[in-house]
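Enquirer: The following comprises the amino acid sequence and a computationally predicted model.
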Amino acid sequence: MPNFIPTNYRQDLLLALNLEDQLQSGTFEYALHYLVENKLDLSVFYPRYNNDDNGRPAYDPRVLLKVILFAYSKGITSS
């Protein structure tokens, strides 16, 4: 299994708000979060990660995909 940086949407450190509490049912953001977390099979990305035993943990592809899709939905197509 690839070594990913732990994803904690309920973290209170460094942010004064809880990101998971900000997702309101019925919004695009909630739908995007739900689809990526529960409906999409992202296992195709996992074989490319070869950092099981060494190397820095990678960002989870689910988080990166959410950022890309959300930015694209707002018309942001480049960094």
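Expert: Looks like it came in fine.

Enquirer: Next, name the residue at the spatial heart of this structure.
Expert: V63 (1.2 Å; C-alpha atoms, centre = their mean).

Enquirer: wait, it sits on N8?
Expert: No: V63 lies out of contact with N8 (C-beta atoms under 8 Å); the separation is 10.8 Å. For glycine as for every other residue, the C-beta is placed from the backbone atoms N, C-alpha and C.

Enquirer: so which strand or helix has H33?
Expert: Element membership for H33, per DSSP states H and E: helix 28-34.

Enquirer: buried stuff in that helix?
Expert: Buried residues in helix 28-34, counted by 16 or more other C-beta atoms under 10 Å: 32-33.

Enquirer: That one - contacts with which helices or strands?
Expert: Here helix 28-34 is seen to pack against helix 61-73 when contacts are counted using 3 or more C-beta pairs under 8 Å, 6 or more residues apart in numbering; DSSP states H and E.

Enquirer: so where is the chain shaky, pLDDT-wise?
Expert: Applying pLDDT under 70 to the chain picks out residues 1, 11-17.

Enquirer: Contact partners for Y59?
Expert: Y59 makes contacts with 4-5, as judged by C-beta atoms under 8 Å, 6 or more residues apart in numbering.

Enquirer: Check the gap between it and Y34 for me.
Expert: According to C-beta to C-beta, to the nearest Å, Y59 stands 20 Å off from Y34.

Enquirer: Next: R10.
Expert: Applying C-beta to C-beta to R10 and Y34 gives a distance of 16 Å.

Enquirer: How about Y72?
Expert: Applying C-beta to C-beta, the value for Y72 to Y34 is 18 Å.

Enquirer: Just give the number of residues close to Y49.
Expert: Y49: 16 surrounding residues under other C-beta atoms under 10 Å.

Enquirer: Let the chain start at 16 from now.
Expert: With 16 as the first residue, the last one maps to Y64.
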